[in-house]
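Chemist: any chance you could fold what I've pasted below:
(one chain, ligands or ions: 1)
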Amino acid sequence: MDKLEVNSTIENLVIIGSGPAGYTAAIYASRANLQPLLVTGFSSGGIPGGQLMTTTFVENYPGFPDGVMGPELMDLMKAQAIRWGTKLIESDVSSIDVKKRPFEIKTLEGEIKANSIIIATGASANRLGIKNEELFWSKGISACAICDGATPQFRDAELAVVGGGDSACEEAVYLTKYGSKVHLIVRSNKLKASAAMADRVLANSKITIHWNTSVTEAIGNDWLEKIRVDSHNSKNKEIEVKGLFYAIGHTPNTSFLDNQISIDEKGYIKCNPGRPETSLEGIFAAGDVADSEWRQGVTAAGSGCMAALAAERWLTEKDLSITIKREQPEPEKSESLTEEEEETNEETFDFNSQWQKGSYALRKLYHESSKPILVIFSSPSCGPCHVLKPQLKRVINELNGEVQGIEIDIDKDQDIAKQAGINGTPTVQLFKDKLLKREWKGVKQRSEFKDAIKTLIK
Ligand SMILES: Cc1cc2nc3c(=O)[nH]c(=O)nc-3n(C[C@H](O)[C@H](O)[C@H](O)COP(=O)(O)OP(=O)(O)OC[C@H]3O[C@@H](n4cnc5c(N)ncnc54)[C@H](O)[C@@H]3O)c2cc1C
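Modeler: As a prediction, this is how the structure comes out:
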């Protein structure tokens, strides 16, 4: 959805955040005919779809006996919310004004008025703040092993993960797929991870655990080469690693609330025990943003359900809701979800196609096309790539094929990724006449790509 029309519509319910808590709240509220508006978030405090977009297999979400990929699970939740009538805005909320009724919610796309709000903004990965962290960020240091693990520089190299919880253990095991050895740096003398996860780490011969150890500095030239660590027994010890992955917990995304509702000392929203009501009537919270203890997909979803039911009751009690009437009690089936695209080959290559996949198409267009070429370097388990790809396709579509898009899977096309200097996914490169014109790392607003392309086709 583009810029919001300036209008006087007052929404029944605005849900902020598109993780399991936000989408579950949306499913319940839309089935109650409230037609909620869900602000998905974009870059502050995570990505659309939330934290599960940054993981591979989710093995403990009920209903999936063989596990489900995190991004796929979130796509399913999104499709279910849309099917029942949830409206989506892809934007961040920058502030809310709770002194006014209806509440006023400022997003990057415009202002929204709402009678009730569910805050489901989750929590963001913490950084260590070590020496040279900024210098080597995305040049060896990452907060998402699952997104960046397949980067060529990490292959067969020694890598380090910092942390001792479930995320750190999961990432350490995952990285053994790519690195020659993984150092797990643990601040205390035990793992906080679940027993099953800790056992997997302890049984893995490619993982070495450094107990009672903390990282103090990142060292290298153009890329991370080693880390300096302090432990009980030694100071300033150096460990040679090409990658340092943070898995050291999260900070709840509540800064946009500007202390207008009660939060605890760590920033988590305070709710009535076991309930979704916050300190302000009409505002409810769900998921990790109000839960410093359980923080799971299914607990977030459960609390999203509670928040929607509580919001519905509150709106009815105050006589504030305007429900929609459905023509058909049963909405149309949801649209089919993302299918894996085939790699383009000599036979399937189409010189005029707007979107193709793989090195064959890239080489052909790079050498022969006079149009700008937008290349997204992705990896199979990268949730942010999953978010960005449809955005790029939309940009290309809006520009009526004046630009051509290509996806390169860095797992399959390692040589191309190396040649292009790719050190994390998603990376997007814009070429024209065989020259690299722009590069973006991570998820960006559609307008950034569109503006850069427009200046090339003027
Ligand atoms: C690597 C990893 C692996 C995990 N594996 C599992 C697992 O296997 N099983 C399991 O049950 N749990 C797992 N979890 C935990 C699970 O992901 C979280 O508990 C769950 O996603 C929390 O859901 P949520 O809806 O509360 O928040 P999140 O999923 O964090 O979603 C928050 C949403 O809010 C949005 N947002 C933030 N700030 C703003 C703003 N200012 N404006 C608008 N939107 C905003 C974000 O964009 C995001 O969409 C894992 C977590 C991680 C990091």
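Chemist: check which residues of the longest strand belonging to the chain are buried.
Modeler: In the chain, taking DSSP state E as the definition, the longest strand is strand 110-119. Buried residues in strand 110-119, counted by 16 or more other CB atoms under 10 Å: 110, 112-119. The way it works is simple: take the backbone N, C-alpha and C, and place the C-beta from them, glycine included.
Chemist: the residues you listed into CSV, with extra columns for distance to Glu59?
Modeler: Shown next, in CSV, are the buried residues of strand 110-119 (distance: CB to CB, whole Å):
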residue, distance to Glu59
Gly110, 40
Ile112, 37
Lys113, 42
Ala114, 36
Asn115, 39
Ser116, 35
Ile117, 33
Ile118, 28
Ile119, 28
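Chemist: any idea which of those residues is least confident?
Modeler: The member of these with the lowest pLDDT is Gly110, at 93.
Chemist: which non-adjacent residue is nearest the residue in the stretch 251-400 of the chain that the ligand sits nearest to?
Modeler: Here the residue of the stretch 251-400 of the chain nearest the ligand is Gly287; by CB to the nearest ligand atom that distance is 2.1 Å. Here the nearest residue to Gly287 in space, its sequence neighbours aside, is Ala21; by CB to CB, 6 or more residues apart in numbering that works out to 2.7 Å.
Chemist: cool, Glu109 as well?
Modeler: Residue nearest to Glu109 in three dimensions, not counting chain neighbours: Ser91, with 4.5 Å by CB to CB, 6+ apart.
Chemist: number of nearby residues for that neighbour?
Modeler: Per other CB atoms under 10 Å, the neighbour tally for Ser91 reads 23.
Chemist: distance check, it against Gly45.
Modeler: Distance of Ser91 to Gly45, given as CB to CB, to the nearest Å: 12 Å.
Chemist: packing partners of the helix or strand harbouring Ile82?
Modeler: Using DSSP states H and E, the element containing Ile82 is helix 70-83. Using 3 or more CB pairs under 8 Å, 6 or more residues apart in numbering; DSSP states H and E as the contact test, the elements touching helix 70-83 are helix 20-31, strand 57-58, strand 87-89, helix 383-398.
Chemist: now do the helices in this structure.
Modeler: Under the criterion DSSP state H, the chain contains helices at 20-31, 70-83, 145-148, 166-175, 195-202, 297-317, 359-368, 383-398, 414-419, 446-457.
Chemist: would you quantify the distance from Gly70 to Pro20?
Modeler: 10 Å.
Chemist: Glu104 too?
Modeler: Relative to Pro20, Glu104 is positioned 27 Å away (CB to CB).
Chemist: for the residue nearest to His367 when sequence neighbours are not counted, what are phi and psi?
Modeler: Spatial nearest neighbour of His367, excluding adjacent residues (CB to CB, 6+ apart): Lys434 at 7.4 Å. When read as degrees, to the nearest 10, the backbone of Lys434 gives phi 70, psi 10.
Chemist: give me the number of residues near Lys434?
Modeler: 9.
Chemist: the one 5 residues further on too?
Modeler: Counted with other CB under 10 Å, residues neighbouring Glu439 total 14.
Chemist: burial count for the closest residue to it other than its chain neighbours?
Modeler: Of all residues not flanking Glu439 in the chain, Gln429 sits nearest, at 5.1 Å (CB to CB, 6+ apart). By the criterion of other CB under 10 Å, Gln429 has 19 neighbours.
Chemist: residues contacting Gln429?
Modeler: Listed by CB atoms under 8 Å, 6 or more residues apart in numbering, the contact set of Gln429 reads 374-375, 377, 420, 436, 438-439.
Chemist: again, only using 10 Å
Modeler: Applying CB atoms under 10 Å, 6 or more residues apart in numbering to Gln429 gives the contacts 373-377, 406, 408, 420-422, 436-440.
Chemist: and the pLDDT at the residue in the stretch 51-200 of the chain that the ligand sits nearest to?
Modeler: Closest to the ligand within the stretch 51-200 of the chain is Gly122: 2.1 Å, counting by CB to the nearest ligand atom. What the model reports as pLDDT for Gly122 is 96.
Chemist: ok, now Leu436?
Modeler: 96.
Chemist: next one: Ser94
Modeler: On pLDDT, Ser94 comes in at 96.
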